[in-house]
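Chemist: The sequence and its predicted three-dimensional model are supplied below.
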Amino acid sequence: MIRIGQYNKLKVAELSQFGAFLDGGNLGNILLPNRYTDENMKPGMELKVFIYLDSEDRLIATTEKPKATVEEFALLRVSAITSVGAFLDWGLAKELLVPFREQKSKMQEGEQHLVYVYLDDATKRIVASAKIEKFLDNISPKYEPGDKVDLIIAGETEIGYKAIINQTHSGLIYRNETSESFKIGDKTVGYIKRIREDDKIDLSISPVGMQAMNDNSSLILSRLEQNNGFLPLTDNSRPEEIKLLLGISKKAFKKAVGILYKQGKVSLEKDGLQRVR
């Protein structure tokens, strides 16, 4: 089944003076214009292509990669304002429309906006919306604390950063729990910290729980190997020293060292941490 606004694997049905016609099943043949073909292309070959509608609402294929596909969020630049809405540069010849009704505030040329790309049920056209909230949190979260997730920064508040989780949910990174500074549209990896009773999700940029301690323990062992089995860090080391050498907090350092000590992998010396062979 062809998915408009997504990548599809289609076979070349025939070649013509206009390009290659791809077998679109019940939707008929779909043109891949000449500029995306080459001399090695033959009937029967399978190609990975993006399917969308051209300016005359005909299905068209391209080997170009848009900056976002249907059901994805992306930060895109406004390239033009017309009587029907704003058009965004999403990496394809036909630009992406944000109808006026889908704009939070009136868009201006040159601005960048975080939008959701979707297929309009009525027109079957690919459009975008800046009202991203209505496309989030529509299903109950199934995450567990410690789960690794992909994040897109969606906004900033007094207490932290709003983030889109795995293209489906929203969550919050608390400002006092990270030293990093983010901008809208930034992509990063994060971790589920907790899911509250109201299904709101708290996030962490660093691993949490046992996973965090295991990761930090591995980090310390790696640093020990790089420094001939010794690190000049103790319980009395200043947090700034630990942060400089390991990039983690003093609290995280002490927990990880505790695990390694119990496992017999390190010894606690007066002047630092020694790897036990």
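Modeler: Received the coordinates, thanks.
Chemist: Roughly how far does residue 261 sit from residue 242?
Modeler: 16 Å (C-beta to C-beta, to the nearest Å). Glycine gets a C-beta too; all of them are placed from N, C-alpha and C.
Chemist: Residue 47 too?
Modeler: Between residue 47 and residue 242 the distance is 53 Å, computed by C-beta to C-beta.
Chemist: Of these two, which one has the most company?
Modeler: Ranked by neighbour count (other C-beta atoms under 10 Å), residue 47 and residue 242 place residue 242 first, with 20 against 17.
Chemist: Am I right that that one sits in a helix?
Modeler: Yes: read with DSSP: H, G, I helix; E, B strand; the rest coil, residue 242 is one of the residues of a helix.
Chemist: any chance you could map the helices in the chain?
Modeler: Taking DSSP state H as the test, the helices found in the chain are 209-226, 239-246, 250-262.
Chemist: Identify all contacting residues around the second one.
Modeler: The contact list for helix 239-246 (C-beta atoms under 8 Å, 6 or more residues apart in numbering) reads 216, 219, 220, 223, 231, 233, 248, 249, 250, 253.
Chemist: CA atoms only for that helix - export them in CSV, please.
Modeler: Extracted in CSV, the C-alpha atoms of helix 239-246 (Å, rounded to 0.1, in the frame of the first residue of the first chain):
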residue,chain,number,x,y,z
PRO,A,239,32.3,18.8,42.6
GLU,A,240,34.1,21.0,40.1
GLU,A,241,37.0,18.6,39.9
ILE,A,242,34.8,15.6,39.4
LYS,A,243,32.8,17.4,36.7
LEU,A,244,36.0,18.4,34.9
LEU,A,245,37.5,14.9,34.9
LEU,A,246,34.4,12.8,34.4
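Chemist: tilt between that helix and helix 209-226?
Modeler: Comparing the axes of helix 239-246 and helix 209-226 via axes from the mean of the first three to the mean of the last three C-alpha atoms, to 10 degrees yields an angle of 70 degrees.
Chemist: pLDDT of helix 239-246, averaged?
Modeler: Averaged over helix 239-246, pLDDT sits at 88.
Chemist: when you give positions from now on, start the count at 853
Modeler: With 853 as the first residue, the last one maps to helix 1091-1098.
Chemist: So what's the gap between it and the chain middle?
Modeler: 29 Å (C-alpha atoms, centre = their mean, to the nearest Å).
Chemist: Please point out which parts of it sit buried.
Modeler: 1094, 1097, 1098 (16 or more other C-beta atoms under 10 Å).
Chemist: count of neighbours near residue 1059?
Modeler: 18.
Chemist: what about the closest residue to it other than its chain neighbours, how many residues close to it?
Modeler: Closest residue in space to residue 1059, ignoring its immediate chain neighbours: residue 1067 at 4.8 Å, by C-beta to C-beta, 6 or more residues apart in numbering. Residues within reach of residue 1067, counting by other C-beta under 10 Å, total 16.
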